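*Asks:* Sequence and predicted model, in that order:
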Amino acid sequence: MKGSLKSILLLGLFLLLSFFPFLFPDPYLIHLLILSFLFSVLVSNWNILFGYMGIFCFGQQAFFGIGAYSSALLALKLGVPIPLSIVFGGFVASLSSVLIGLPTLRLQGAYVALVTLAFAEVVRMTCSNWVGMTRGQLGLTVPALISGADRVGYYYVAFLLFLMSTMVLLKVMRSSFGYVTVAIRESQEAADSLGINVIKYKISAFLLSSFMSGLAGALYAHYIRILTPDIMSLPLMITILVMGMLGGIGTLPGPILGTFVLTFLSEYLRDLAQFRFIIYGALIILAVLFVPGGLVSGLRFVEKKLKGKRFQEGSS
Amino acid sequence: MFAASILIQQIVYGLVIGSSYVLMAAGFSLIWGIMGVLNLAHGEFYMLGAYIAYYASSLLGFNPIMSAIVALVAMFFFGIVFERALLSPLYGRKGWEMSTVLITVGASILIQNLALVIFGEKYKGLPMYFEGELEIWKIVLSYDRLVVFLVGISLIALLWYLLKYTRVGMAMRAVSQNQEGAYLTGINVQKIFYLAFGLSAAFAAAGGALLAPIYFVYPTVGAGPLLMAFAIVIFGGFGSVKGAIVAGFLLGVFESLVVLMVSSAWKDVFVFILVIIVLTVRPRGLFGIQ
């Protein structure tokens, strides 16, 4: 009973999202959903490193930015067709993750946090200082993926990317790969001693996570169409962190839930824009202190309660 | 290429900045060594210290030395409250390391943006307090910078003395070596934790307060020094205050030389690349043993 209810809910949600632009042709809502899709991809893939493998990655914003800049520059300077340049953006981000993944392999917790953060800052400052290539803080005007003012096209591309990323993560995390990553998080030594090639798994996680993040970044750039180095500044990483924690780190639905809730919440709290990051900060603190599992753990709690009730009713 | 005097001048500047970095990094390293906490809100202690010094000096007319002392004392108590309120509830929890990282990130965002609302985003600068400059062998050093350097060095010496020769300092070192063992000899570990945290906040604030008259003060001013403290601690080895002192001065000079030879826009890029390279070759830092 329980399982089927869940799948009916999911199917309904899927159908709703599939036809959303026709059911509710509100450009603003569509815009928010596009952002939610793209950030879900980013946060979910960061979660692979942070939540599943326990790699303290504080540089995910760099993969997003590298994807965005590579795709924009390829399209602008070399005239690469945009769909192709977006895919290249993902590959370049993936390549860069090897660069940063390798030094972190032998490092532990705190060191990893610094190296990834430093890496992201190096990339950001390079983009900001290399004015000849990137126009620095002036920013690039990025060609559109889909011409015209209509957002529906973007909606479906973003939706597709979101589905693809979610499917891949679902598939990967339910395979032996997923179990191995959790084993590595719980104890690297134990995993090592069981003959698991920890380095191979870590690098694979980096490759996958950065590729998807790069794709999301590239698509974001061609959608928003203005690109400055601020795209990979620390506030983006903070946002990723808050979204992940709000939903629940180390679970698959958590980051998606957190992203959607926070994207819509922060848009409707626009008047409080000034206090937005104050609220984010307070949210992180409260979440760590009182609900370390995020929204997902809350939902699971409710689910358990419901199940318990039904069981009681059945038995009486 | 450059006149020797310019080179030496820049090295001296590097040592001045280095003294403030050391104040920042020593406390950061201390907390890591004693509590195993990676305090990502450490830059905010620096920022608050700078603001306290700014207001002490602009509203109350304190001289830089007095302002730094006010910042130091105020932030000592702030540090204790911080530790009691945010970190102590987490002790002994599963996933403690990640929880402390996350909660200090949250605190950093909260404090930084509260400062933005309260103090405004405008850069605040202080006028020179001590007019004039010292000139020896063509090396020019303003009295302000000289004062910063001397106060910085004295504070570092004070910290060194505290850790090395007082009973509390010995207890701190004992806890950092072996928490359980320290507990068994009757050391109140909880008390050591919050004292160490207070000290760490106090010295970071002093670093910020000292540099306030030389650089500007603004809500995100702590981010750079935090990354620098990170870099220094990695060079010096996590948990080693001695390593932090050596590495702080070294990196201060390195940064100044990059400014001279390349440009100030690229200085952080060079420092971070250096850090990444060092960690690739030596995963425990230059002097780290563990």
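*Replies:* Okay, I see it. Residues are numbered from 1 along each chain as shown, chains lettered A, B, ... in the order given.

*Asks:* Look up how far chain A lies from B:Gly36.
*Replies:* 9 Å (Cβ to the nearest Cβ, to the nearest Å). In short, each C-beta sits where N, CA and C put it, glycine included.

*Asks:* mind listing what the closest residue to that residue other than its chain neighbours touches?
*Replies:* Of all residues not flanking B:Gly36 in the chain, B:Glu97 sits nearest, at 6.9 Å (Cβ to Cβ, 6 or more residues apart in numbering or on different chains). For B:Glu97, the contact set (Cβ atoms under 8 Å, 6 or more residues apart in numbering or on different chains) comprises A:Gly109, B:Gly36, B:Leu38.

*Asks:* Chain A against chain B: which residues are in contact?
*Replies:* Neighbours of chain B within chain A, by Cβ under 8 Å from any Cβ of the partner chain: A:54, A:56, A:102-103, A:106-111, A:113-115, A:117-119, A:121-122, A:125-126, A:128-129, A:234, A:238, A:241, A:245, A:274-275, A:277-278, A:280-285, A:287-289, A:292.

*Asks:* In PyMOL, select just the buried ones from those.
*Replies:* Selection command for PyMOL covering only the buried members of these, criterion 16 or more other Cβ atoms under 10 Å in any protein chain shown:
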select buried, chain A and resi 54+56+103+107+110+111+113+114+115+117+118+119+121+122+125+126+128+129+234+238+241+245+277+278+280+281+282+283+284+285+287+288+292
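
*Asks:* Just the residues of chain A next to chain B: which are in helices?
*Replies:* A:102-103, A:109-111, A:113-115, A:117-119, A:121-122, A:125-126, A:128-129, A:234, A:238, A:241, A:245, A:277-278, A:280-285, A:287-289 (DSSP state H).

*Asks:* Can you say which helix or strand has A:Gly89 in it?
*Replies:* helix A:82-104 (DSSP states H and E).

*Asks:* So which bits of that helix are buried?
*Replies:* So helix A:82-104, judged by 16+ other Cβ under 10 Å, has buried residues A:82, A:85-94, A:96-97, A:100-101, A:103-104.

*Asks:* May I have it as CSV, with CA atoms only?
*Replies:* Extracted C-alpha coordinates of helix A:82-104, given in CSV (Å, rounded to 0.1, in the frame of the first residue of the first chain):
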residue,chain,number,x,y,z
ILE,A,82,25.7,26.1,-28.3
PRO,A,83,24.3,22.7,-27.5
LEU,A,84,27.7,21.3,-28.2
SER,A,85,29.5,24.0,-26.2
ILE,A,86,27.3,23.2,-23.2
VAL,A,87,28.3,19.5,-23.3
PHE,A,88,32.0,20.7,-23.6
GLY,A,89,31.4,22.9,-20.6
GLY,A,90,30.5,19.7,-18.6
PHE,A,91,33.7,18.0,-19.9
VAL,A,92,36.0,20.9,-19.1
ALA,A,93,34.5,21.0,-15.5
SER,A,94,35.0,17.3,-15.3
LEU,A,95,38.6,17.7,-16.4
SER,A,96,39.2,20.4,-13.9
SER,A,97,37.9,18.2,-11.1
VAL,A,98,40.7,15.7,-11.7
LEU,A,99,43.1,18.6,-11.2
ILE,A,100,41.6,19.4,-7.8
GLY,A,101,40.5,15.8,-7.0
LEU,A,102,44.0,14.4,-7.2
PRO,A,103,45.6,16.6,-4.5
THR,A,104,42.7,16.0,-2.1
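
*Asks:* For it, name the packing helices and strands.
*Replies:* Counting contacts by 3 or more Cβ pairs under 8 Å, 6 or more residues apart in numbering or on different chains; DSSP states H and E, helix A:82-104 packs against helix A:60-77, helix A:109-129, helix A:198-224, helix B:267-281.

*Asks:* do that again at 10 Å, thanks
*Replies:* When contacts are defined as 3 or more Cβ pairs under 10 Å, 6 or more residues apart in numbering or on different chains; DSSP states H and E, helix A:82-104 packs onto helix A:60-77, helix A:109-129, helix A:152-174, helix A:198-224, helix B:267-281.

*Asks:* which residues are contacting the helix or strand just after the second one?
*Replies:* Looking back up the chat, that one is helix A:109-129. Per DSSP H and E, the first helix or strand lying C-terminal to helix A:109-129 is helix A:131-134. Helix A:131-134 is contacted by residues A:69, A:72-73, A:77, A:126-128, A:137-138, A:140, A:227-229, B:265 when judged by Cβ atoms under 10 Å, 6 or more residues apart in numbering or on different chains.

*Asks:* try stretch A:90-98
*Replies:* A:49, A:57, A:59-60, A:62-71, A:73-74, A:85, A:101, A:104, A:116, A:119, A:123, A:161, A:203, A:205-219.

*Asks:* I'd like to know the average pLDDT value across it.
*Replies:* Confidence for stretch A:90-98, expressed as mean pLDDT, is 91.

*Asks:* mind checking pLDDT for the residue lying closest to A:Asp192 once chain neighbours are set aside?
*Replies:* Counting by Cβ to Cβ, 6+ apart, A:Asp192 lies nearest to A:Val198, which is 5.6 Å off, once chain neighbours are set aside. For A:Val198, the model assigns a pLDDT of 82.

*Asks:* correct me, but A:Val198 touches A:Ile184?
*Replies:* Yes - under the criterion of Cβ atoms under 10 Å, A:Val198 makes contact with A:Ile184 at 5.7 Å.

*Asks:* what touches both of those two?
*Replies:* With Cβ under 10 Å, 6+ apart, A:Val198 and A:Ile184 have common neighbours A:Met53, A:Ala191, A:Asp192.

*Asks:* Top of those residues by number of neighbours, please.
*Replies:* A:Met53 (24 neighbours; other Cβ atoms under 10 Å in any protein chain shown).

*Asks:* contacting residues around that one?
*Replies:* A:47, A:180-185, A:188, A:198, A:201-202, A:205-206, A:209, A:250.

*Asks:* residue contacts, the residue lying closest to it once chain neighbours are set aside?
*Replies:* In this structure, A:Met53 finds its nearest non-sequential neighbour in A:Thr181, 4.9 Å apart by Cβ to Cβ, 6+ apart. A:Thr181 sits next to A:48-49, A:51-55, A:172-173, A:191, A:196, A:201-202, A:204-205 when contact means Cβ under 10 Å, 6+ apart.

*Asks:* Which member of the residues you listed is positioned nearest chain B?
*Replies:* A:Gly54 (7.5 Å; Cβ to the nearest Cβ).

*Asks:* from what I can see the closest one touches B:Met98, true?
*Replies:* Yes - with contact defined as Cβ under 10 Å, A:Gly54 reaches B:Met98; the gap is 7.5 Å.
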